[in-house]
Each structure stands twice: as structure tokens, then as C-alpha cells.
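Participant: how does the following fold in three dimensions:
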Amino acid sequence: MNVFGLDVGGSGIKGAAVDTETGELVTERVRIKTPQPATPRAIVDTAVEVVRRSGWDGPVGCGFPAVIKDGVVRTAANIDKAAIGFDLAGALGQELGGPVTVVNDGDAAGLAEMRWGAGRGVRGLVLMLTLGTGIGTSLFIGGRLVPNTEFGHIEIGGEDAEYRASDGARKREDLSWEEYAARLDRYLHAIEDLLWPDLIVIGGGISKKSEKYLPHLTTRTEIVTAKMLNEAGISGAALAAVPDQPTEKAAE
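Facilitator: The predicted structure follows:
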């Protein structure tokens, strides 16, 4: 089954049609800069343009950086606060004239990693962290998603964790890799004590530089880097639109 996957990010909105059996993109990826200001209406218009440029007419899955309940945006940590309460799935569906499923972007990336990437076949408790401007999280037990976890916002040292341990924090404060690893390590230990996961998967652009910080981490949990990389958000968003629970095959 082919589904169009949309990945809404802070700098760009990108998408492509995806073969949801293999996770491969079956059309060329289209990317348009995220509008500024990124109002809900502007995001819808840009996302629709991405789909139309691809010539797609069919089901669409969309990953969005917020808690999503029944297609409605419920939080706005790193997006325009006007998005709270906005029926994104309904607005996109009306414009595109077809079914649209919207999920948290961290959950979308996690779905892709569990089905085709680093979490494939792991039946225990798996936590994926997407380290970018903030910290996106997705949690799986027995291959099944626990949606809308927000572990990037736990308090570390009196501050929001993503303010201290995201890749955005590393860049903003010009931290050395050793300094950043110490921040990330403290966060990971707090997460371990809360969840006792069997595996932690680290994704986001920073996963490409894992040799810079992984050797400095002291967690008891096995940590691996994501395999899907830039395609995770698109492929996972498409997978979220498939009616059945998509990661069961990975957990068999």
C-alpha cells in the first residue's frame, strides 16, 4: 500500500509517497521551507502544496511537532501557540479531498525505526529520542506505540530537559562534544530511572555524529543510532495512516 508521508519541521515541510511494506520512498521527495510566521493556516497551505507538487491523490499521513489527539493539535512547545486546538487533520483533509492521519512527529520517526530500522524485532520496552531543536520521544512496548509521550520536557536541574540536552542546546551554547555528552548522559540516566527501557534509539540529525558523544555516555541501557535517518519522519508518517497496528510485524 502506498501512502503519502508529510513531515512538518521547523525549517521545512517535506513529503513523498511511501511503500508502507518496505518504507521506501516511491516518488521524489518534495521540500518547501516552513512559512514564517508558521501559523496553522500557512502550514496547511504549504503542506498541501507539497502534496500537489508530487501529483499525489490518495491517503496522507502527517507528522507534526506537537501532541496530537484525534487529529487536533494539543501542545505548542516549539511551534506557533495559535496551533493549539487546531484540527490539522480536518483542515488538510478538506483541502486535499481525502483521508489524512496526523501524528506526533517523534511518534512517526519511531514507527519507522520499529518497523524497518534500529528497533526492528525488539519486543521489550524501546524508547526513541529524536534530538533536534527539541527532544522528541516515542515509546514502544512489544512493538506497539504508546502515543504522545513528552519525555523531552521532564525537569533536569530545574530546567526543561530539551532546553539543556537537545542538539539545539548544544548549538545555542556552543558546547564541546564532551560537554554536550555530559548533559545528554544526565538526561538519559533520568529517563532510565523512570522507564527502565531495554533499548534506546537516538535519531535526529545528530545521530550522524554519534562517534562524537556515544563513547562518553555511561547508561546501563544499550544505545543504538537510528537507521532511517532523513526518511524516518516521512516513512513513519505514511505508516501511521495504515489502518492496522504497523509495528506488529517487527515484533513477531
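
Participant: residues contacting F140?
Facilitator: Counting by CB atoms under 8 Å, 6 or more residues apart in numbering, F140 touches 110, 114, 119, 122, 125-128, 146, 247. Any C-beta I mention is one placed from the backbone N, CA and C, and that applies to glycine too.

Participant: again, 7 Å this time
Facilitator: Residues near F140 by CB atoms under 7 Å, 6 or more residues apart in numbering: 110, 114, 119, 126, 146, 247.

Participant: you'd agree it is in a strand?
Facilitator: Yes: counting by DSSP: H, G, I helix; E, B strand; the rest coil, F140 falls inside a strand.

Participant: distance of it from K171?
Facilitator: Counting by CB to CB, to the nearest Å, the gap between F140 and K171 amounts to 29 Å.

Participant: kindly report the same for A237.
Facilitator: Computed as CB to CB, the A237 to K171 distance reads 26 Å.

Participant: list the contacts of I135.
Facilitator: Contact analysis of I135 by CB under 7 Å, 6+ apart lists 129, 152, 161-162, 165-166.

Participant: specify which member of those is nearest to E192.
Facilitator: Closest approach between the contacts of I135 and E192, by CB to CB: L129, at 12.0 Å.

Participant: nearest residue to R29 in space, ignoring adjacent ones along the chain?
Facilitator: A16 (4.4 Å; CB to CB, 6 or more residues apart in numbering).

Participant: helix or strand next in line after whatever helix or strand that neighbour lives in, which one?
Facilitator: Per DSSP states H and E, A16 falls inside strand 12-19. As assigned by DSSP H and E, the chain's next helix or strand after strand 12-19 is strand 30-33.

Participant: number of nearby residues for G152?
Facilitator: Residue crowding around G152 was assessed by other CB atoms under 10 Å; the count is 24.

Participant: beta partners of the closest residue in space to it that isn't next to it in sequence?
Facilitator: Setting aside the residues directly before and after it, G152 is nearest to I135 in space (CB to CB, 6+ apart), at 3.1 Å. Per DSSP bridges, the residues bridged to I135 are L131.

Participant: now do the helices in this structure.
Facilitator: Secondary structure of the chain by DSSP state H: the helices cover 40-53, 88-96, 105-116, 161-165, 167-172, 177-195, 232-240, 248-251.

Participant: any idea of the mean pLDDT in the third one?
Facilitator: When pLDDT is averaged along helix 105-116, the result is 96.

Participant: and the angle from it to strand 12-19?
Facilitator: Comparing the axes of helix 105-116 and strand 12-19 via axes from the mean of the first three to the mean of the last three CA atoms, to 10 degrees yields an angle of 30 degrees.
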